[in-house]
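Enquirer: Build the 3D model from these lines:
(one chain, ligands or ions: 2)
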Amino acid sequence: MAKRSIDKSVEHMLDRKTPDSPETIWDRADNQKPHCTFGEQGLCCRACYMGPCRVKPGSKKRERGVCGATAEVIVARNFARMIASGAAAHSDHGRDVAETLLLAAKDPDSGYTIRDERKLNKVARAFGIDTKDKTTEEIAAAVAETALADFGRQEGEVAFTHLAPEPRQALWRDHDIVPRGIDREIVEVMHRTGMGVDQDHRSIMLQGARAALADGWGGSMIATELQDILFGTPSPVRGQVNLGVLSETEVNIVVHGHEPVLSEMLVIAAKDPELIALAKTKGAAGINLAGICCTANEILIRHGLPVAGNILQQELAIWTGAVDAMVVDVQCIMPSLPEVARCYHTRLVTTSPKGRIPGAKHFDLSDKRPLDTAKAIVKEAILNFPNRDKVDIPDEKMDLIAGFSHEAINYMLGGSFRESYSPLNDNVINGRIKGVAGVVGCSNPKVTHDQAHVSLTEELIANDILVVQTGCSAIACAKAGFLRPETAEKYAGKGLAEVCKAVGMPPVLHSGSCVDNSRILIALSEMVKIGGLGSDISELPVAGAAPEWMSEKAIAIGQYFVASGVYTVFGVGLPVEGSKIFSKHIFKEFEEVFGGMWGVEADPGKMATLIIDHINSKREKLGISKGRERVLFDMKMRRELE
Ligand code: SF4
Ligand code: MSK
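Expert: Numbering: from 1, shown residues only. Ligands and ions are numbered 1, 2, ... in the order given. The predicted model follows:
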C-alpha cells in the first residue's frame, strides 16, 4: 500500500488507530477503489435523464451518448462545469466580502472597520472611483458597490481585468472572452453545457475560460483585495504549523473553511479578558485559536495565528481529543466531521447559512452583531473544555514565515522608498533567479499526502526557481520547514539563496489562501510592467502547479492561470484524458490560443522537469538563457527527501 503521508503527525495519529476509531478519509478512499474509470477520465455524462451515458472512444457501441454527444463534447462539458462550480465558490466568497465592506462603510456599529486605507484608495483608483472630498466610509461604500456591480453586470468588462497587461487584455478581447459580469459567465457555462446546446469542445472551453477569468480577475480578486481593506494587507509574520500547535492546557478553537469574515471576529473574541478569565475558571490556561485549510491561512497571514494542518488533517485534529470547538464556514469541510466529533467531546459549530451540517450547532453570523456571535462561540468552546477526555497531541510543529502579499514582496525587494519588482526582474534577467513558480492547491488521498508538494518545491528551489504558494500546498511546505529563511541556504540553488539572503526572505513565499492566487496574477502583471521580461504574462519565465489537487476550485484556478498565459501542470490526473481530441486541445492547442496551456504529470520529479524546461525555454526566447547548470535529483536525493 502506498504511504499515506510524509507528515509524521499523520502517521502518529493513524498508528494509534483501533477497530473502534472513527473512519478517516484514507479508509473511505480505500473503500472507493477502484474508482470508476469513465468518471476519472471525464467520459461519464449526467446532463440529462436519457443517460447517464458512459462513452468509450473507438468502441463500436459506446462511441457516443444517447443524444449523440461525442467524447470530446462530454469531457469539455464536464470540465467547463467544474470551472463554473469552482468560480462560483470563489466568487460567492468575494460577494460576501463585498457585502461586509458595505456593512462596514454604512454601519459604524457593525464591528467591522477599514484597516487598510492605502489599499482602499488603490482599489478605488483601479475601479475609477473619484475619491476627492470623500470620507473613508464613502470611498469604501463606492468600492463595495462597484465590486457588487461586477457580479450582476450584463455587458462591459469586469473591472479588475484592466489590471492585466494591455496585450493580454487585447488577446481576451480578440477571443471575446473578457468576462462581462461574474454571475453571467458562470450561468452561461451552465446553459451551454446542458443537453443539446454548445456542441463544439473549443467553443465550450472559450466560455470556460471566460468564467475562469471572471473568477481569477473577478470574484477571487475582489475577495482578496476587499479582505485586505477590511482586515489588513498581509506582511511577513512568524507562525507555527502542524497538529502540535494544539494546546494541552488551553481551550483549543479550530477555525476551518475559507471565509475570514467571522474568524477575524474570533481573533478579537479570543483575546477578550472576560472570556480568558472564564476559561481559567474552567481549569484552562488560556484560549488557543488555530486553523485548518484556508481560513487558517487567512488568520495566519494577518495575525501569525497557528495552523493545525491542511485539508486531510481535519479529522485527525479532532482525533487528538484536544479540540474544544471546530468552527467551520464554507468549502473543503468534510461531511464526516459530525461522526468524528461524536467520538470525542468536540463541539462542531457551523456559521454560514450556506453551509449547514446536521449534528453541528449553528451560530448564524447574521443573527447578531458579529463580535457577539464570535464571543458566544468562544464561550461555547470554553464551557466544553471540562468535557475533555484523553488527549494525544503529536509533537510535530514547525516554525514558518508567511504573509507575502504582492505589496509585501514589493516592499521587501525595494524598501519603503523605492518599492518595486525591479530587483526581482533584475535577478531573473541576470539568472540568479531562473523563474517563478506558483505551487498551489489541495491534498488528495489518492496520492501520498504532502509528498508531491514538498518534493516538487524542493527541486524547483534547488534549481533557482522562486516558489510562491497558497492554500493547502503552502501548509504542506510549511510543515516541511521550507517557509523559513534558513531554507535558502539548505535547499535553494546558489543564485536564489544569494537573493533570499540579501533580502531576508525564504525561497518559498506563502501568499495566503485559495482566493489569494489572485495575488499571483497581480505580481505577474507587475513583473511585465517593470519591463525586461517581455510584454505579456505568457512571455515570463513562470509556471503554475497543483501537484495534489482535488477541488473543482483548483480547476477554475488552473484555467484562469492558463487563460492568463501561464503553463500550468496538475498532478494526480485530470478528468479529460478519456478524449484524445480534448486533451490535445488543452495540452497543445491552448498554447496558440492563450500563450499558456495545461499539463498533467503525477510524478513530482517529472513535473519539476516539465516546469524547469518550460522556464528555460522562456528564458531562451527572452535572450536571457545563459545561467547556471540544472541540478539533477538522483534517487538518493529523492529518498532522503522522503
Ligand atoms: Fe447522455 Fe446526451 Fe443526456 Fe449526456 S446529454 S446523459 S450524453 S443523452
Ligand atoms: S483549502 S480548495 S483543499 S487548497 Fe483552500 Fe486546501 Fe484545496 Fe480546499
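
Enquirer: Can you name the residues that contact the spatially closest residue to Leu103 that is not a sequence neighbour?
Expert: Spatial nearest neighbour of Leu103, chain neighbours left out: Ser110 (4.7 Å); criterion: C-beta to C-beta, 6 or more residues apart in numbering. For the C-beta atoms, the positions are set from N, CA and C on the backbone; glycine is no exception. Contacts for Ser110 (C-beta atoms under 8 Å, 6 or more residues apart in numbering) come out as 103-104, 369-370.

Enquirer: next one: Gly403
Expert: Going by C-beta under 8 Å, 6+ apart, Gly403 touches 234-237, 300-302, 304, 510, 512.

Enquirer: sec struct for Ala308, please.
Expert: Put simply, Ala308 is strand when judged by DSSP: H, G, I helix; E, B strand; the rest coil.

Enquirer: How about the contacts made by it?
Expert: Contacts of Ala308 (C-beta under 8 Å, 6+ apart): 241-243, 245-246, 254, 290-292, 296, 317.

Enquirer: Just the closest of the residues you listed to ligand 1, please.
Expert: Closest to ligand 1 out of those is Ile292 (36.8 Å), distances taken as C-beta to the nearest ligand atom.

Enquirer: give me phi/psi at the closest one?
Expert: When read as degrees, to the nearest 10, the backbone of Ile292 gives phi -130, psi 150.

Enquirer: Helix or strand for the closest residue to it other than its chain neighbours, just tell me which one.
Expert: Nearest residue to Ile292, sequence neighbours excluded (C-beta to C-beta, 6+ apart): His256, at 4.1 Å. Using DSSP states H and E, His256 falls within strand 251-257.

Enquirer: before we move on, the earlier item: next, give me the two most distant ones among the contacts of Gly403.
Expert: Comparing every pair within the contacts of Gly403 by C-beta to C-beta identifies Gly304 and Gly512 as the most remote, at 13.3 Å.

Enquirer: interface residues of the stretch 201-350 of the chain facing ligand 2?
Expert: 258, 293-294, 310-311, 332 (C-beta under 6 Å from any ligand atom).

Enquirer: Mind checking which of the contacts of Ser110 land in helices?
Expert: In this view, those that belong to helices under DSSP state H are 103-104, 370.

Enquirer: and which of those is nearest to ligand 2?
Expert: Nearest to ligand 2 out of these is Pro370 (C-beta to the nearest ligand atom; 22.0 Å).

Enquirer: so who does the closest one touch?
Expert: By C-beta under 8 Å, 6+ apart, the residues touching Pro370 are 110-112, 261-262, 265.

Enquirer: Which of those residues fall in helices?
Expert: Mapping these onto helices (DSSP H) picks out 261-262, 265.

Enquirer: got TSV for those residues, with distance to ligand 1 and neighbour count too?
Expert: Below are the ones in helices among the contacts of Pro370 laid out as TSV (distance: C-beta to the nearest ligand atom, whole Å; neighbours: other C-beta atoms under 10 Å):
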residue	distance to ligand 1	neighbour count
Val261	38	24
Leu262	40	26
Met265	45	23
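
Enquirer: thinking again about what came up before, determine which two of the residues of the stretch 201-350 of the chain next to ligand 2 are furthest apart.
Expert: The span of these, defined through C-beta to C-beta, is set by His258 and Asn310 at 13.0 Å.

Enquirer: and for those two, which residues touch both?
Expert: Shared contacts of His258 and Asn310 (C-beta under 8 Å, 6+ apart): Cys293.

Enquirer: Name the nearest residue to whichever residue of the stretch 151-300 of the chain sits closest to ligand 1, ignoring sequence neighbours.
Expert: Relative to ligand 1, the nearest point of the stretch 151-300 of the chain is Met195 (3.9 Å; C-beta to the nearest ligand atom). Nearest non-adjacent residue to Met195, counting by C-beta to C-beta, 6+ apart: Cys48, 4.0 Å away.

Enquirer: three-state assignment of that neighbour?
Expert: Put simply, Cys48 is coil when judged by three-state DSSP.

Enquirer: Could you measure from it over to Gly68?
Expert: Using C-beta to C-beta, to the nearest Å, we find Cys48 at a distance of 12 Å from Gly68.

Enquirer: Between the two, tell me which one has more neighbours.
Expert: Using other C-beta atoms under 10 Å as the criterion, Cys48 and Gly68 rank with Cys48 on top: 15 against 10.

Enquirer: Pull the contacting residues for the more buried one.
Expert: With the criterion set at C-beta under 8 Å, 6+ apart, Cys48 makes contact with 67, 194-195.

Enquirer: Now with 10 Å, please.
Expert: Counting by C-beta atoms under 10 Å, 6 or more residues apart in numbering, Cys48 makes contact with 65-67, 69, 194-196.

Enquirer: and if you look at Glu72?
Expert: For Glu72, the contacting residues are 42, 55, 57, 199-202, 204, 576, 578-585, by C-beta under 10 Å, 6+ apart.

Enquirer: Can you check the pLDDT for it?
Expert: With respect to pLDDT, Glu72 scores 98.

Enquirer: Could you grab the helix/strand/coil label for it?
Expert: Classification of Glu72 by three-state DSSP places it in helix.
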